[in-house]
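Asks: Return a 3D structure for these sequence lines:
(one chain, ligands or ions: 2)
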Amino acid sequence: MTRNNYTIALAGNPNTGKSTLFNVLTGLRQHTGNWPGKTVVHAEGFFTYKDCRYKLVDLPGTYSLYSNSADEEVARDFIIFEKPDATIVVLDATALERNLNLALQVLEMTDRVIVCVNLMDEAKKKGIRIDPGKLSASLGVPVIPISARNKEGIDVLLETLDQMVHGKIKTDPIVVRYGPDIERRIHELIPSIKELFGDAYPARWVALRLLDGDTSLLRALQQRSTRLRKEAVSHADHHSAASV
Ligand SMILES: Nc1nc2c(ncn2[C@@H]2O[C@H](COP(=O)(O)OP(=O)(O)OP(=O)(O)O)[C@@H](O)[C@H]2O)c(=O)[nH]1
Ligand SMILES: [Mg+2]
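Replies: Numbering: from 1, shown residues only. Ligands and ions are numbered 1, 2, ... in the order given. Down below sits the predicted model:
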């Protein structure tokens, strides 16, 4: 049976036009404006493309996805625990270098990523040239130039999304290497992480977060696995009770 319902997350730095893109795609009116930090809890909307229904989740804008703030945890938890079918990372074309930091963090968490380089109109005005093909080859995921406010590039984005959720795009995200010491410790941790969580979470990413001393993530993972274990036990009880 083929699915026709998909969940898509919008992630990115504050003020990169995520909510503007959200409004273009869903026809809703999520608050936008020229100051950071407007979207505090995630907003949801829906749209249909080629007979598929998409739930779009507008995550709060953050500079990283560690555990520095509630916003970062909301965005991180959504990507890690809700496992969207694709995550669109919205970058500001006029501040690409700074914005790429978050893109790399998302690529450590999931390989189902589309990078949208937004504000292409502003970049053009400032004489900034961006080569989406080269950027895509470096990052290992599709890169789509758009101007959300002018509704430019949206058709290509939708088509790419359609292909990604149907498994027609094979991504190969760049892997950031952290030097021999850290890499060795990552490799030491990965087997235990896999033993604990199976393939539920990206093991390399969990290892990196643990090495960074991210106790809030550890707590979130523990809570989650305790809850899943309880659900599994009650499910098993229910089944054995039903079979007697
Ligand atoms: N010139 C231009 N401005 C844009 C474009 N897209 C968005 N903007 C403007 O950029 C500002 C920020 O847009 P938002 O959509 O609120 O940004 P956001 O990423 O949701 O911001 P946070 O919720 O704070 O993370 C607004 O003034 C938008 O009108 C674009 O393609 N071109
Ligand atoms: Mg917003």
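Asks: Are stretch 81-95 and ligand 2 in contact anywhere?
Replies: No: Stretch 81-95 lies apart from ligand 2 when judged by CB under 5 Å from the ion; the minimum separation is 9.5 Å. Heads up, the C-betas are built off the backbone N, CA and C, glycines and all.
Asks: helix, strand or coil for residue 54?
Replies: Assigned with DSSP: H, G, I helix; E, B strand; the rest coil, residue 54 falls in the strand class.
Asks: Let me know the pLDDT of it.
Replies: Looking at residue 54, its pLDDT is 96.
Asks: you'd agree it is up against residue 164?
Replies: No: the pair residue 54 and residue 164 fails to qualify as a contact (CB atoms under 8 Å) at a distance of 11.4 Å.
Asks: Surely residue 48 is within a strand?
Replies: Yes: counting by three-state DSSP, residue 48 falls inside a strand.
Asks: Which residue is it, in the chain, that comes closest to ligand 1?
Replies: residue 61 (2.1 Å; CB to the nearest ligand atom).
Asks: what about residue 5, distance to ligand 2?
Replies: As for residue 5, its distance to ligand 2 is 24 Å (criterion: CB to the ion, to the nearest Å).
Asks: these two touch, right, that residue and residue 55?
Replies: Yes: applying CB under 8 Å, one finds residue 5 in contact with residue 55, separated by 7.4 Å.
Asks: Compare the two (neighbour count), which wins?
Replies: residue 55 (16 against 11; other CB atoms under 10 Å).
Asks: Can you name the helix or strand that the most centrally placed residue in the chain falls in?
Replies: For the chain, the residue nearest the mean C-alpha position is residue 87 (3.9 Å; CA atoms, centre = their mean). Assigned by DSSP states H and E, residue 87 belongs to strand 86-92.
Asks: show me the contacts for residue 11.
Replies: Going by CB atoms under 8 Å, 6 or more residues apart in numbering, residue 11 touches 18, 59, 62, 65, 75, 79, 87-90, 102, 106.
Asks: From those residues, pick the one nearest residue 210.
Replies: residue 65 (14.8 Å; CB to CB).
Asks: residues in contact with the closest one?
Replies: Neighbouring residues of residue 65 by CB under 8 Å, 6+ apart: 11, 72, 75-76, 79, 102, 105-106, 109.
Asks: Can you tell me the closest non-neighbouring residue to it?
Replies: residue 76 (4.4 Å; CB to CB, 6 or more residues apart in numbering).
Asks: In this model residue 67 seems to touch that neighbour, though I could be wrong.
Replies: Yes: judged on CB under 8 Å, residue 76 makes contact with residue 67 at a distance of 7.3 Å.
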